[in-house]
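Participant: can't give you the sequence, but here's the structure:
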């Protein structure tokens, strides 16, 4: 039994109070660190192109190949932004009266499809390639980072309406194509404007942005964020993997930030929910089995969700490339398949 007036109980109480304070402080610090990690992760997802060195594309069709083109601009679908690009008409003696619209991927500009222009022109296609509102450097009109097709698909809709209303005679038929985020934007836009288009070609398209986000978070943590020179020092302190609940928090936060970034954005506007609505217009998907940015499984999910007529061109050349078929050194096969696709519309 403790003697009367012993200080022991008070010492115990002080100890418990100290432990409680330390635990509260530890929890607070961990909460702050988790919040900062989630913040950094979602910022990296929506602004990763701005974190890497970027050189805008150079050259124009006239200087490079002697192909005439026009600098054009048109208003965005439901905002005041102006979308700018090149309209490249087919030669008068080789005009199929078919137009093709092409949209670049994330972190790129219209030069993503620069090499395609001469091939489109040789085939007899009129083409429009443009910079979406989230292009980099001085072409970035919003400062909001990437919209992962939630915003960008509206730029595609604006392009579709521009071509059909301004170049009606040359656009009796209209094909719309894109790569990566551009492809996802094309799928969503064309499902909404199905009556105005005649076919879709989607290269390296994600089925849902969350799948691409999770894949790239896991990939970059595992590789030590080597792609981001400006934050490579963090590799020494960042984990190489994270638990599911933390991944879910990052994905949900990213989605919420994007959906709140502009009016009239909807969580359901993702390719896997829209691709079936493009039918009966034909869809051709193109994907490299070793794509290291958007896994091939995304196109498998999309081709399953799509209705006929549909086609999946699987590229299996052993190269882990997230690029167009032409950049995969498959120009001849791409042109051959494009000609067959044109015949199908």
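Facilitator: Received it, and whenever you're ready, just let me know what you need. Every value quoted in this text rests on a predicted model; they were computed, and no experiment measured them.
Participant: contacts, neighbours, all on C-alpha from now
Facilitator: Noted.
Participant: residue contacts, the closest residue to residue 41 other than its chain neighbours?
Facilitator: Leaving aside its sequence neighbours, residue 41 sits nearest to residue 250 (Cα to Cα, 6 or more residues apart in numbering; 6.7 Å). Neighbouring residues of residue 250 by Cα atoms under 8 Å, 6 or more residues apart in numbering: 38, 39, 41, 42.
Participant: same question for residue 217.
Facilitator: Residue 217 neighbours (Cα under 8 Å, 6+ apart): residue 41.
Participant: which element is it on?
Facilitator: helix 209-223 (DSSP states H and E).
Participant: next secondary structure after that helix?
Facilitator: Downstream of helix 209-223, the first helix or strand assigned by DSSP H and E is helix 244-259.
Participant: in that next one, what's buried?
Facilitator: Going by neighbour count (16 or more other Cα atoms under 10 Å), the buried part of helix 244-259 is 247, 250, 251, 253, 254, 255, 258, 259.
Participant: model confidence for the fifth one, exactly?
Facilitator: Going back to what we said before, that points to residue 254. As predicted, residue 254 sits at a pLDDT of 94.
Participant: pretty sure it sits against residue 42.
Facilitator: Yes. Using Cα atoms under 8 Å, residue 254 makes contact with residue 42 at a distance of 5.2 Å.
Participant: what about residue 211, neighbour count?
Facilitator: 15 (other Cα atoms under 10 Å).
Participant: ok, now which ones touch it?
Facilitator: Counting by Cα under 8 Å, 6+ apart, residue 211 has contacts residue 298.
Participant: ok, residue 301 next?
Facilitator: 207, 272.
Participant: which element is it on?
Facilitator: Using DSSP H and E, residue 301 falls in helix 297-305.
Participant: for the next helix or strand after that helix, give the mean pLDDT please.
Facilitator: Downstream of helix 297-305, the first helix or strand assigned by DSSP H and E is strand 310-315. Rounded to a whole number, the mean pLDDT of strand 310-315 is 97.
Participant: just the buried positions in strand 310-315, please.
Facilitator: 310, 311, 312, 315.
Participant: wait, the third one touches residue 304, no?
Facilitator: Put plainly, it is residue 312. No. Look at residue 312 against residue 304 with Cα under 8 Å: they stay out of range, at 10.0 Å.
Participant: next, the angle from the helix holding residue 301 to strand 310-315.
Facilitator: 160 degrees (axes from the mean of the first three to the mean of the last three Cα atoms, to 10 degrees).
Participant: how about residues contacting stretch 179-189?
Facilitator: Against stretch 179-189 from outside (Cα under 8 Å, 6+ apart): 103-106, 148-150, 152-154, 156-157, 176-178, 200-207, 269-271, 274-275, 278, 294, 322-324.
Participant: what about 7 Å?
Facilitator: With Cα atoms under 7 Å, 6 or more residues apart in numbering as the test, stretch 179-189 has contacts from 103-106, 148-149, 152-154, 156-157, 176-178, 202-206, 269-271, 274-275, 324.
Participant: now do that stretch, average pLDDT.
Facilitator: 97.
Participant: now swap in stretch 283-301 and tell me
Facilitator: Computed over stretch 283-301, the average pLDDT equals 96.
Participant: please apply the same query to stretch 201-214.
Facilitator: On average, stretch 201-214 scores 97.
Participant: buried ones in that stretch?
Facilitator: Judged by neighbour count (16+ other Cα under 10 Å), stretch 201-214 contains these buried residues: 201, 202, 203, 204, 205, 206, 207, 208, 209, 210, 212, 213.
Participant: ok now stretch 331-343, how far from the chain's centre?
Facilitator: The chain centroid and the centroid of stretch 331-343 are separated by 24 Å under Cα atoms, centre = their mean, to the nearest Å.
Participant: what's the closest non-adjacent residue to residue 194?
Facilitator: Residue 194's closest residue in space is residue 278 (Cα to Cα, 6+ apart), at 5.8 Å.
Participant: that neighbour against residue 193, yeah?
Facilitator: No. Counting by Cα atoms under 7 Å, residue 278 does not reach residue 193; the two are 8.6 Å apart.
Participant: neighbour count: the two, which is higher?
Facilitator: Neighbours around residue 278 and residue 193, counted as other Cα under 10 Å, are more numerous at residue 278. The numbers are 27 against 16.
Participant: what's near enough to touch the more buried one?
Facilitator: So residue 278 contacts 190, 191, 194 (Cα under 7 Å, 6+ apart).
Participant: so where is the stretch 1-150 of the chain shaky, pLDDT-wise?
Facilitator: 1-10, 49-55, 134-142 (pLDDT under 70).
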